[in-house]
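K.L.:
Show me the folded form of this:
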Amino acid sequence: MKRVLFGAVAVASTFFAVAVAGSPANAESRLVVPTHGDSINEDASPTPLMARPRTDMVWMDLDPASVSPAVSTNKIYLNNCKPNGCVVRGGTGASSIDTSTSQGGWPISGTRTLTAFDQPDAVWNGVVDCMKDVFSPFGVEIITTNPSPAAHFEIMIAGRPQDLGMSSGIGGVSPFSCAEHIPNSLVFAFSKVYGNDVEEICATAAQEIAHSFRLDHVTDASDPLTYFGYNGRRRFKDANVTCGSDCVQGQGPQGETCSGSNGQTRICSCTNQPTQNSAARLRLLFGSGTPTPPMVKINNPKLGANVSPGFPVSIDASDDNGIQKVELYVDNVLTSTLMVGPFAFNAPSMLSDGTHNVKAIAYDIYGTSAADNVQVVIGVPCGKPADCAKDTDTCIGGRCVPGPGTQGGLGSTCNSGPDCASGQCASDSSGAKYCVENCVLDEGQCPEGFGCLEAGMQGVCWPGYDDGTGGICSAGGTGGALSLGLAFASMLFARRRRRS
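P.N.:
Numbering: from 1, shown residues only. Okay, here's the model as predicted:
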């Protein structure tokens, strides 16, 4: 990457060498083209592949040995500079920490004001949600409240480059260093360049702050760290991806020889390696996050359906990050896996008469999972517990399931889903945990001592709950939230039905 010197800009054709104390030999002497910038020199003019607005990067002359490998904060502050703009003071480095007279510092001349984000609230909220989504796999906290004077990374998403004395058309700007990270880094994503384009504002903001974590450009158009155009949400790629996408006339920003079918691949700037893993780098700095689980629903068969062996199973599965695979289990045995939709399966053809548990588990691209399950009946449905082959079973909605008093049966205490025959371990606000079975609301399906508790779009038989159908002798539930931990996922039940 070409390092842009702080201070006054010289003639663009003049080259300078910059030494970085304590850095590897390949990073000690690098060419700098004043005004031409980098890390995000996304100028569409050199090649039609470079479809995104040009961005610039300023080299931070940090001694890697002076920067702790561990970050001091996991907070990334998104600042829309409302209502009156952000005052940015000139200095020798980028700093997110406020002073009494400014909201950060940057290597610019004088003190300037970045005009406020001028799009509707819906656009801003979309950008914030996008950034939270893109960084959800990592232990990063995206915030919109200024944490100064506490340590934090900051992205000013506002204004235009001219506000800071930069040339027009620049989409964003970031400091860059081969140190592990730039403490309290301040970067910019100039929102006026993108108008109301949530995805491009988000991708630019993600790229700019990632440059503060020693991440280079890559050739994968779906990764934020690219010059290439992309239709969709960019996410940090969890794979070894070739550096590049920023080559002009056969050379990279630092004079690297570019290659590949389109002449856009090169070695990575700080490591001298051909590839980088953006996601792995962010996990190294911040640890893993908790991406939201997929949405998964068994559409067919329905709960309690009377079916024949080999019955079809159709599943809806979706996720903002993309579905990696969907697995079908019958009676806790994996029977089939699909990597792409439509997610349509057939159960085994040799199933015997009786109740069978059908479970679908969906995984997103980060391995986060969620599950849905139903019980179905082959043969004649039960009408009462005495119809079940096992004396220890009870009958719920025509299905014979392990009843109270059996290990893992209905109402047994549990710690997690695998402790239960149903795969469902629920807990209420008091912390009590019991194995539960699905039920249909208002039909009195639960056995004596249990009531069908509304749980979002379904119901579960809960001990001591009065559902108003007359099938329970004990007092009603105590209220509060009920959480249901499946073997691979969890669901939150926000309310309980009450007897009127």
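K.L.:
On the three-state scheme, Pro447 is what?
P.N.:
Look at Pro447: counting by DSSP: H, G, I helix; E, B strand; the rest coil, its state is coil.
K.L.:
element containing the closest residue to it other than its chain neighbours, please.
P.N.:
Leaving aside its sequence neighbours, Pro447 sits nearest to Thr394 (Cβ to Cβ, 6 or more residues apart in numbering; 4.8 Å). Just so you know, the C-beta spots here come from the backbone N, C-alpha and C atoms, and that holds for glycine as well. Element membership for Thr394, per DSSP states H and E: strand 393-396.
K.L.:
What of Val128?
P.N.:
Secondary structure (DSSP H and E) places Val128 in helix 121-134.
K.L.:
tell me what that helix is packed against?
P.N.:
Contacts of helix 121-134 with other secondary structure elements, assessed using 3 or more Cβ pairs under 8 Å, 6 or more residues apart in numbering; DSSP states H and E, are made with strand 75-79, strand 141-143, helix 198-211.
K.L.:
most tightly surrounded among the ones you listed?
P.N.:
helix 198-211 (a mean of 26; mean count of other Cβ atoms under 10 Å).
K.L.:
Could you check the angle that helix makes with strand 75-79?
P.N.:
Note on geometry: by axes from the mean of the first three to the mean of the last three Cα atoms, to 10 degrees, helix 198-211 and strand 75-79 are set 130 degrees apart in direction.
K.L.:
now helix 198-211 against helix 121-134, angle please.
P.N.:
Per the same axes, to 10 degrees, the angle that helix 198-211 makes with helix 121-134 is 50 degrees.
K.L.:
Tell me how far helix 198-211 lies from the chain's centre.
P.N.:
Helix 198-211 sits 14 Å away from the centroid of its parent chain (Cα atoms, centre = their mean, to the nearest Å).
K.L.:
Mind giving me the packing neighbours of it?
P.N.:
With contacts defined as 3+ Cβ pairs under 8 Å, 6+ apart, helix 198-211 has these neighbours: helix 121-134, strand 153-157, strand 172-176, strand 186-189.
K.L.:
among these, which gets the worst mean confidence?
P.N.:
Mean pLDDT is lowest for strand 172-176 among the helices and strands packed on helix 198-211, at a mean of 88.
K.L.:
Report the strands that pair with it, each with its relative direction.
P.N.:
When sheet partners are counted by DSSP bridges, strand 172-176 sits next to strand 56-59 (parallel), strand 186-189 (antiparallel).
K.L.:
Could you report the neighbour count for Pro385?
P.N.:
The number of residues packed around Pro385, counting by other Cβ atoms under 10 Å, is 17.
K.L.:
check contacts around it.
P.N.:
The contact partners of Pro385, taken as Cβ atoms under 8 Å, 6 or more residues apart in numbering, are 393-395, 403, 447.
K.L.:
at 6 Å instead, please
P.N.:
Taking Cβ atoms under 6 Å, 6 or more residues apart in numbering as the criterion, Pro385 is in contact with 394-395.
K.L.:
can you give me phi and psi for it?
P.N.:
Phi and psi for Pro385, reported as degrees, to the nearest 10, are phi -60, psi -30.
K.L.:
quick one, domains of the protein?
P.N.:
Per automatic domain parsing, the domain ranges recorded for the chain read 16-286, 291-381, 382-500.
K.L.:
weakest of those domains in terms of mean pLDDT?
P.N.:
Lowest mean pLDDT within the domains of the chain: domain 382-500, at a mean of 76.
K.L.:
how distant is that one from the center of its chain?
P.N.:
In terms of Cα atoms, centre = their mean, the centre of domain 382-500 is found 33 Å from the chain centre.
K.L.:
still on that earlier bit, the strand holding Thr394 - which strands sit beside it in the sheet, and in what orientation?
P.N.:
Paired strands of strand 393-396, with direction, are strand 399-402 (antiparallel) (DSSP bridges).
K.L.:
Dump the C-alpha coordinates for the strand it pairs with into PDB.
P.N.:
Once side chains and other backbone atoms are set aside, the C-alpha atoms of strand 399-402 remain, and they are given as PDB (Å, rounded to 0.1, in the frame of the first residue of the first chain):
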ATOM      1  CA  ARG A 399     -48.500 -38.900  20.000                       C
ATOM      2  CA  CYS A 400     -47.000 -41.300  22.500                       C
ATOM      3  CA  VAL A 401     -44.100 -39.600  24.200                       C
ATOM      4  CA  PRO A 402     -42.100 -40.400  27.400                       C
END
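K.L.:
buried stuff in that strand?
P.N.:
Neighbour-count burial for strand 399-402 flags 399-402 (criterion: 16 or more other Cβ atoms under 10 Å).
K.L.:
Work out the sheet partners of the next helix or strand after that strand and label each with its direction, please.
P.N.:
Counting by DSSP H and E, the element after strand 399-402 in chain order, helix or strand, is strand 424-428. Strand 424-428 has these partner strands in its sheet, going by DSSP bridges: strand 433-435 (antiparallel), strand 482-486 (antiparallel).
K.L.:
So for strand 424-428, what gets flagged as buried?
P.N.:
Of the residues in strand 424-428, those buried under the neighbour-count criterion (16+ other Cβ under 10 Å) are 424-428.
K.L.:
nearest residue to the residue nearest to the spatial centre of the chain other than its sequence neighbours?
P.N.:
When Cα atoms, centre = their mean is applied to the chain, the residue found nearest the centroid is Ser136 (3.2 Å). Counting by Cβ to Cβ, 6+ apart, Ser136 lies nearest to Pro291, which is 4.4 Å off, once chain neighbours are set aside.
K.L.:
Number of residues surrounding that neighbour?
P.N.:
The number of residues packed around Pro291, counting by other Cβ under 10 Å, is 19.
K.L.:
Just list the residues touching it, thanks.
P.N.:
Taking Cβ under 6 Å, 6+ apart as the criterion, Pro291 is in contact with 136-137, 366, 368.
K.L.:
rerun that using 7 Å as the cut-off
P.N.:
For Pro291, the contacting residues are 136-137, 321, 364, 366, 368, taking Cβ atoms under 7 Å, 6 or more residues apart in numbering as the criterion.
K.L.:
where's the closest residue in space to Asn332 that isn't next to it in sequence, which helix or strand?
P.N.:
Spatially, and ignoring its direct neighbours in sequence, Asn332 is nearest to Asn357 (6.9 Å; Cβ to Cβ, 6+ apart). Assigned by DSSP H and E, Asn357 falls within strand 354-364.
K.L.:
by contact count, what packs against that strand?
P.N.:
strand 295-300, strand 312-318, strand 323-330, strand 369-378, strand 399-402 (3 or more Cβ pairs under 7 Å, 6 or more residues apart in numbering; DSSP states H and E).
K.L.:
From the chain's centre, how far out is that strand? Work that out for me.
P.N.:
In terms of Cα atoms, centre = their mean, the centre of strand 354-364 is found 25 Å from the chain centre.
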